[in-house]
Structure formats: structure tokens, C-alpha cells
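*Asks:* The sequence and its predicted three-dimensional model are supplied below.
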Amino acid sequence: MKNFFIKLIATGLFTGYSPWVSGTVGTVPAWILLYLFFGDDPVVQPIVTLIVFAVSVWAATEAEKMLGHDSKKIVIDEWAGMCVAALWMEHTLTAYVIAFIAFRFFDVVKLWPAAQSEKLPRGWGVTMDDIVAGAQANIVTSIIVFLIAKL
């Protein structure tokens, strides 16, 4: 039962088992939950982000024992990164779509220091590259949203 629960969490409600772009598919539930339930509350959203971050480090550490080192099936780290990408973002569909696209871009490309953070041990390395990608996506999304508003 414990292994089932760990896999449920680490694979993002089993979306990490998707045969196609599991990281992107695994990000979708986080994006939906953020947009529908947490995106418009500037107090709750950072609390949720911290909780998802902590759960990601723990679940990724535990899931690596079953699924292998930084398995593509582990997508809870994408949830944590998406939380950071959307953190304090303007609560509009446009901003959240841009944040999603930017996060997936930065997560795939892994600009400095994202690639370096993957070298951290266990669930820390699994999660931290997504946190960095989320921060990069947040900055770029904020700039794009600001520029769109000026048009």
C-alpha cells in the first residue's frame, strides 16, 4: 500500500506513465489545480507551492528506489516547478498558458543553473531543476504579460 501511495504521488496521479511526453502530460493536472483552485489567492498559493516542493523531494526520493534514478515516470517535480512558474502570476488564462509553455520550455532546455541542480542527491536533484525552470518561466511570463498589457 505504501508503494502504491508513493507511485500515485510521484507519478502525478499516474500521468507520468504516459507514453508521450510524460513531463508535459504530468504537468497538466498541476496546471489545472493551480488555475482553478489556488491561482487567485496570493496567500494560499505560496503555501501550496512549499507543500508541493516538500512532497516532491520526499516522493521523488522514495520513487527513485522503485522506478530508477530520475525516472521519466516521476513527474511530481513538474508539479513543483509549475507551482513556481505560476507563483503570484496574474490570474488570467493567458498568463497561465504562457507560464505553462514557458515552464515546459525551460524544463526541457535546462539553462544554467537548472542542469547543474540536477546533480544534487536523490529527490533534491529531481526537484530542483524544475524549481529553477519554474523560476525562469515565472520571470519570462511576467515580462510577457507586462508587455501584452502595454499593447
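*Replies:* Perfect, thanks for sending it.

*Asks:* so how far is A133 from C83?
*Replies:* Applying Cβ to Cβ, to the nearest Å, one obtains 12 Å for the distance of C83 from A133. C-beta coordinates here come from the backbone N, C-alpha and C atoms, glycine included.

*Asks:* quick one: the helices in this structure?
*Replies:* Remark: helices assigned in the chain by DSSP state H are 2-10, 22-33, 44-67, 76-86, 93-109, 114-117, 122-150.

*Asks:* buried residues in the longest one?
*Replies:* Which is helix 122-150. Buried residues in helix 122-150, counted by 16 or more other Cβ atoms under 10 Å: 122-138, 140-142, 144-145.

*Asks:* follow-up on the earlier one: which stretch among the helices of the chain comes nearest G16?
*Replies:* Ranking the helices of the chain by their distance to G16 (criterion: Cβ to Cβ) puts helix 22-33 first, at 4.9 Å.

*Asks:* Verify the contact between E78 and G23 for me.
*Replies:* Yes - proximity of E78 to G23 meets the contact threshold set by Cβ atoms under 8 Å, at 5.4 Å.

*Asks:* who has more neighbours, those two?
*Replies:* For E78 versus G23, neighbours defined as other Cβ atoms under 10 Å are more numerous around E78 (31 against 21).

*Asks:* any idea how far V75 is from the spatially closest residue to the more buried one that is not a sequence neighbour?
*Replies:* Counting by Cβ to Cβ, 6 or more residues apart in numbering, T27 is the residue found nearest to E78 once chain neighbours are left out, at 4.4 Å. Relative to V75, T27 is positioned 7 Å away (Cβ to Cβ).
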